[in-house]
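J.: the following comprises the amino acid sequence and a computationally predicted model.
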Amino acid sequence: MSEREVALYLKVSVRTIVNWKQRGIIPYFRIGRTIRYSREQIDRALMNRHQCNAGALST
């Protein structure tokens, strides 16, 4: 998926996707000079992040 497609999928701005990429929140891979994202990897990364945050709140 492209940054635009990920932004539409997650209902956030493209700038947010770029920020999350730079901060290491969502994984990406490079094909030549093009950056791409895997829907499965994004879903997994955000779910793991959500579970970590939920665990921190319950302690």
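T.: Sure thing, it's come through.

J.: what's the end-to-end length of stretch 6-24?
T.: Stretch 6-24 has an end-to-end distance of 15 Å (Cα to Cα, to the nearest Å).

J.: let me know the pLDDT of the spatially most central residue of the chain.
T.: Geometric centre of the chain, nearest residue: I26, 3.0 Å, by Cα atoms, centre = their mean. For I26, the pLDDT comes out at 94.

J.: and T34, by the same measure?
T.: For T34, the model assigns a pLDDT of 96.

J.: next one: N48
T.: Confidence at N48, expressed as pLDDT, is 88.

J.: A56 now?
T.: Among the per-residue scores, A56 shows a pLDDT of 58.

J.: just Q41 next, same as before
T.: Per-residue confidence (pLDDT) for Q41: 96.

J.: tell me the contacts of the residue nearest to the centre of the chain?
T.: 6, 17, 20, 37, 41-42, 45-46 (Cβ atoms under 8 Å, 6 or more residues apart in numbering). The way it works is simple: take the backbone N, C-alpha and C, and place the C-beta from them, glycine included.

J.: for the record, mean pLDDT for the one helix or strand Y9 maps to?
T.: If you go by DSSP states H and E, Y9 is part of helix 3-10. Across helix 3-10, the average pLDDT comes to 97.

J.: who wins for most neighbours among the contacts of I26?
T.: In terms of neighbours by other Cβ atoms under 10 Å, the contacts of I26 top out with I17 at 26 neighbours.

J.: ok, that residue touching L8?
T.: No - with contacts counted by Cβ atoms under 8 Å, I17 stays clear of L8, the gap being 9.9 Å.

J.: would you map the helices across this protein?
T.: Secondary structure of the chain (DSSP state H): helices at 3-10, 14-23, 39-57.

J.: kindly reformat those as TSV containing distance to R30.
T.: What follows is the helices of the chain, written out as TSV (distance: least, Cβ to Cβ, whole Å):
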stretch	distance to R30
helix 3-10	12
helix 14-23	11
helix 39-57	14
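
J.: and R36, what does it touch?
T.: So R36 contacts 1-2, 28-30 (Cβ under 8 Å, 6+ apart).

J.: count of neighbours near the spatially closest residue to V14 that is not a sequence neighbour?
T.: The shortest distance from V14 to any non-neighbouring residue, by Cβ to Cβ, 6 or more residues apart in numbering, is to A7 (4.6 Å). Neighbour count for A7, taken as other Cβ under 10 Å: 17.
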